[in-house]
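Colleague: After the sequence you'll find the predicted model.
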Amino acid sequence: MARDWGNQGRGGKLGCSYKRTTLIVCSINIVVALFVLRYLYASLYVYSSSGDSPNVTKYTPDQIEKMEESIRIRRAAKPLQLVKMVKRLEKRMSTGGAVQLPHPLKQKITDEILERLKGLNGNGTANEQKDAVESWRKEKLQEVKQVTLGNSVNSTLLAEEAGLLLKALDSNWDVLSEQIGLWIPTEVINKEHDDKPEGQDEIEEEVLPGRPVPPECNAELHTDYAGDAVRWGLTHHKESAAECCQACLDQAKYAKPGEKKCNIWVYCPSETGCFSPDIYEHKNQECWLKYAEQPKLNFKDKYSEAYRDAHPNAPLVVPWVSGVVIV
């Protein structure tokens, strides 16, 4: 009896061991299966995304050839010489390649140049100033060379400063001039020609376009008379000042009883239009017919400086031509 129980105990332990082993193996298989499925799913997703995605643009061989040809054309059209020149200019103007002088040394040479320019008593022309600076540069360069050679010269420069100045004054003088703010303008010689005959007005009397204005029109160039408008000039254009004057005479001749008769005509002969201090744009060939019991000038010859300060768009010379007629 005791032996049977012992066998049963051993069999129970053995069965329990098999069960555990089976569970462990099954668990491992499940994990491996899940890993394989995940890998296959990921591979399938990547393949479908790269091969069938509508967002991926596909080009035909003809399109690819045209794009390559376009790239070749752009490269061939690139201004290589201009790019090289710009790079050389940038390298030349860059302070990185130039000798960097200490600030006290820059101040010293700046003071010396100013003293040399002051010797001109402020009356030197641009060329004289340029010659004075160039003379100082040559003298200073000679002094620097003597100091670097160790020759005994009457100089306040140290050997180290002389070494820096040698290159700055020789090959990098343009860069050094810019660094110290030295700029001398190019001298422009203007020869004054006074060809105007004696007694001639400052305002040139130009010739009016069209047929000559009759004497009875009393035409006055660069003149604008005030008055009540009997014919609105914005919609009343004439080919010439003579025709504008004739329109004034005709209006006065055929005016109805009680109607104001034109005795002032104002015409715009300028192709670019005429200035007036109102809200309208006055164009070429405008013909204003006006009436005034006592004709009075608005403007004559030139607009005053005070008027032009108040009206920045006003020109220097009055552009209108006017006349007062006897009716």
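Modeller: Looks like it came in fine.

Colleague: Buried residues of stretch 128-139, list them for me.
Modeller: Along stretch 128-139, these residues count as buried under the neighbour rule (16 or more other C-beta atoms under 10 Å): 129, 132, 133, 136, 137. From N, CA and C alone the C-beta is placed, and that goes for glycine too.

Colleague: Residue 327: which of these is nearest?
Modeller: residue 129 (67.9 Å; C-beta to C-beta).

Colleague: now for the one helix or strand the closest one maps to, which elements pack on it?
Modeller: According to DSSP states H and E, residue 129 maps onto helix 126-148. Using 3 or more C-beta pairs under 8 Å, 6 or more residues apart in numbering; DSSP states H and E as the contact definition, the elements that helix 126-148 packs against are helix 103-118, helix 159-170.

Colleague: separation between residue 167 and residue 149?
Modeller: 15 Å (C-beta to C-beta, to the nearest Å).

Colleague: neighbour-wise, which of these two wins?
Modeller: residue 167 (14 against 9; other C-beta atoms under 10 Å).

Colleague: and the gap between the residue nearest in space to the middle of the chain and residue 322?
Modeller: Residue closest to the mean C-alpha point of the chain, counted by C-alpha atoms, centre = their mean, is residue 86 at 19.8 Å. Per C-beta to C-beta, residue 86 is found 59 Å from residue 322.

Colleague: same thing with residue 237?
Modeller: Following C-beta to C-beta, the distance that separates residue 237 from residue 322 is 16 Å.

Colleague: And these two? Which one has more around it.
Modeller: Here residue 237 and residue 322 are compared on neighbour count by other C-beta under 10 Å; more neighbours surround residue 322, at 30 against 15.

Colleague: Is residue 59 in a helix, a strand, or coil?
Modeller: The assignment at residue 59 comes out as coil when based on DSSP: H, G, I helix; E, B strand; the rest coil.

Colleague: Give me the neighbour count for the nearest residue in space to it that is not next to it in sequence.
Modeller: In space, not counting the residues next to it along the chain, residue 59 is nearest to residue 67; the distance is 7.5 Å by C-beta to C-beta, 6 or more residues apart in numbering. Other residues near residue 67 come to 11 when the count uses other C-beta under 10 Å.

Colleague: Also residue 30?
Modeller: Look at residue 30: counted by other C-beta under 10 Å, it has 10 neighbours.

Colleague: Which secondary structure state is assigned to it?
Modeller: Counting by three-state DSSP, the backbone at residue 30 sits in helix.

Colleague: any idea how far residue 36 is from it?
Modeller: Residue 30 sits 11 Å away from residue 36 when distances are taken as C-beta to C-beta.

Colleague: what touches both of these two?
Modeller: Taking C-beta atoms under 8 Å, 6 or more residues apart in numbering as the criterion, residue 30 and residue 36 do not both touch any residue.

Colleague: Mind pulling up the pLDDT for residue 1?
Modeller: Reading off the per-residue confidence, residue 1 sits at a pLDDT of 42.

Colleague: cool, residue 184 as well?
Modeller: At residue 184, the pLDDT recorded in the model is 63.

Colleague: hang on, the earlier thing: which secondary structure element contains the residue nearest to residue 59?
Modeller: Counting by DSSP H and E, residue 67 is found in helix 61-77.

Colleague: And residue 323, by the same measure?
Modeller: Secondary structure from DSSP H and E places residue 323 in strand 321-324.

Colleague: Tell me which strands that strand pairs with, and in which orientation.
Modeller: Strand 321-324 pairs in its sheet with strand 219-221 (antiparallel), strand 264-267 (antiparallel), by DSSP bridges.

Colleague: contact partners of the last one?
Modeller: I take that to be strand 264-267. Strand 264-267 is touched from outside by 217, 224-225, 227, 233, 238, 241, 244-245, 247-248, 285-292, 295, 320-325, with contacts defined as C-beta under 8 Å, 6+ apart.

Colleague: Okay, angle between the helix holding residue 129 and helix 159-170 too, please.
Modeller: For the pair helix 126-148 and helix 159-170, the angle between their directions (axes from the mean of the first three to the mean of the last three C-alpha atoms, to 10 degrees) equals 140 degrees.

Colleague: Number of residues surrounding residue 108?
Modeller: Residue 108 sits with 16 neighbouring residues when counted by other C-beta under 10 Å.

Colleague: Let me fix that, I meant to ask about residue 34.
Modeller: The tally of other residues near residue 34 (other C-beta under 10 Å) stands at 10.

Colleague: Contacts only, for it.
Modeller: No contacts exist for residue 34 under C-beta under 8 Å, 6+ apart.
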